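Participant: fold the following, please.
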Amino acid sequence: MTKKLHIKTWGCQMNVYDSSRMATRPRSSLLKTLEVFSNHVNRWTQTKNVGQK
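Facilitator: Presented below is the predicted three-dimensional model:
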């Protein structure tokens, strides 16, 4: 079975460049990158929501 990867890119040309680099990385490396990114987003989101109702 062929595995597929779909990357949706918004923003500038650098984002397109980064997306193409991610698509060519080995799967294990890509998953680690996404895990680190997700952790950063979660921490950023938590700090922005402090004190908001």
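Participant: buried residues in the longest helix seen in the chain?
Facilitator: Longest helix in the chain by number of residues (criterion: DSSP state H): helix 27-48. In terms of neighbour count (16 or more other C-beta atoms under 10 Å), helix 27-48 has its buried residues at L30. Heads up, the C-betas are built off the backbone N, CA and C, glycines and all.
Participant: got a list of contacts for that helix?
Facilitator: With contact meaning C-beta atoms under 8 Å, 6 or more residues apart in numbering, helix 27-48 is reached by L5, M22, R25.
Participant: of those residues, which is the nearest to G11?
Facilitator: Checking the contacts of helix 27-48 against G11 with C-beta to C-beta, the nearest one is M22 at 14.0 Å.
Participant: tell me how many other residues crowd the closest one.
Facilitator: Residues lying near M22 (other C-beta atoms under 10 Å) number 16.
Participant: please save the CA atoms from stretch 22-35 in PDB.
Facilitator: What follows is stretch 22-35, C-alpha atoms only, in PDB (Å, rounded to 0.1, in the frame of the first residue of the first chain):
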ATOM      1  CA  MET A  22       9.500  18.400   5.100                       C
ATOM      2  CA  ALA A  23       8.000  16.200   2.300                       C
ATOM      3  CA  THR A  24      11.400  14.800   1.400                       C
ATOM      4  CA  ARG A  25      12.500  13.900   4.900                       C
ATOM      5  CA  PRO A  26      12.400  10.400   6.300                       C
ATOM      6  CA  ARG A  27       9.100   9.600   8.000                       C
ATOM      7  CA  SER A  28      10.600   9.200  11.500                       C
ATOM      8  CA  SER A  29      12.300  12.600  11.200                       C
ATOM      9  CA  LEU A  30       9.100  14.200  10.000                       C
ATOM     10  CA  LEU A  31       7.100  12.800  12.900                       C
ATOM     11  CA  LYS A  32       9.600  14.100  15.400                       C
ATOM     12  CA  THR A  33       9.600  17.600  13.700                       C
ATOM     13  CA  LEU A  34       5.700  17.600  13.900                       C
ATOM     14  CA  GLU A  35       5.800  16.500  17.500                       C
END
